Every structure is written in C-alpha cells, then in structure tokens.
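**Student:** Quick one: sequence plus predicted model below, questions after.
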Amino acid sequence: QVQLVESGGGMVQAGGSLRLSCTASGRPFTSYPMGWFRQAPGKEREFVAAISWSGSSTEYADSVKGRFTISRNNVKSTVFLQMNSLKPEDTAVYYCAADQHYSGNSARLYDYWGQGTQVTVSS
C-alpha cells in the first residue's frame, strides 16, 4: 500500500509559476513510477506528466510540454511538478498517482492516488 500526499497548489496569475510536491509513504518509493494528472470542473481527468522509477524517462501531455517539468527525489520519496508560464486553462485539481509498473498517460492503470491539490490561474 502506498499513501500519497500532494502540496504546493495555490492561486497564481497567468505567466507565473508553481511547484507541486507529492510525498509517498508505505512501500519503497523507488519501486513506483509516478504520474501527475489534473481535473478541471466539468471535465474528465487528464494526463499531465509521468516519470519512471529511476527518473531517467519522462513523458508529458502536449498541452504542458516545454512549460512543466516532472522530477523525483527518491531519497525523500517525493515527486515534483514544476509548472512555469501558467495559463488560465491550467486551472484544475492536480493529482499524483503511483503504480508498480510504468503506466504513462493511462489513468486507469494507476493503483494509488493522492487527494489532490487545487491550482488556480487567473488571467
């Protein structure tokens, strides 16, 4: 079992930056590839970024490529999402997720989810 807790959300103006963190507890963090997803009001949950257990492989949604960076610190059992050049359309609840196997952009394949953190970008 893995417990995930996100933090770092908030309100920011368009063009600003935020850094989300997701800290894991339970089974060894290094065993789990991780992902970030988001869900805006009235919309389905969508993929944002994913990272392999070692951090050597990453994947991004086209909508965030070049603006967001996913990284991880396995010593601190934490995965990060650095978000730059934020846009109003980035407003959503952001969730981190973990799975025993690399699941990339497939939300249905992730076994463990955090409670989410709200990101609001004003124009």
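**Tutor:** Cool, the structure landed. The shown structure was predicted, so the numbers you read here are calculated from the model rather than taken from an experiment.

**Student:** C-alpha only now, for contacts and for neighbours.
**Tutor:** Noted.

**Student:** I figured Arg45 hits Ala92, correct?
**Tutor:** No. Under the criterion of Cα atoms under 8 Å, Arg45 is not in contact with Ala92, lying 9.4 Å apart.

**Student:** Looking at the two, which has the bigger crowd around it?
**Tutor:** The residue with more neighbours, out of Arg45 and Ala92 and counting by other Cα atoms under 10 Å, is Ala92; that gives 21 against 16.

**Student:** Setting the sequence-adjacent residues aside, check what's closest to the more buried one.
**Tutor:** Nearest residue to Ala92, sequence neighbours excluded (Cα to Cα, 6 or more residues apart in numbering): Ala40, at 4.2 Å.

**Student:** returning to that earlier point: what residues do Arg45 and Ala92 have in common as contacts?
**Tutor:** Between them, Arg45 and Ala92 have 38-39 as joint contacts when contacts are counted by Cα atoms under 8 Å, 6 or more residues apart in numbering.

**Student:** Enumerate every residue touching the residue nearest to the spatial centre of the chain.
**Tutor:** Centroid-nearest residue in the chain, with Cα atoms, centre = their mean: Trp36, separated by 2.4 Å. Contact analysis of Trp36 by Cα under 8 Å, 6+ apart lists 47-50, 81, 94-97.

**Student:** for the longest strand belonging to the chain, packing partners?
**Tutor:** If you go by DSSP state E, the chain has its longest strand at strand 18-26. Helices and strands touching strand 18-26, as assessed by 3 or more Cα pairs under 8 Å, 6 or more residues apart in numbering; DSSP states H and E, comprise strand 2-7, strand 78-83.

**Student:** Which of these has the highest mean neighbour count?
**Tutor:** strand 78-83 (a mean of 21; mean count of other Cα atoms under 10 Å).

**Student:** Name the strands paired with it and say parallel or antiparallel.
**Tutor:** Strand 78-83 has the following sheet partners, assigned by DSSP bridges: strand 18-26 (antiparallel), strand 68-73 (antiparallel).

**Student:** Show me what counts as buried in stretch 60-68.
**Tutor:** Residues of stretch 60-68 classed as buried: 60, 64, 68 (neighbour count, 16 or more other Cα atoms under 10 Å).

**Student:** Give me the nearest residue to the first one, chain neighbours excluded.
**Tutor:** The shortest distance from Tyr60 to any non-neighbouring residue, by Cα to Cα, 6+ apart, is to Ala49 (4.4 Å).
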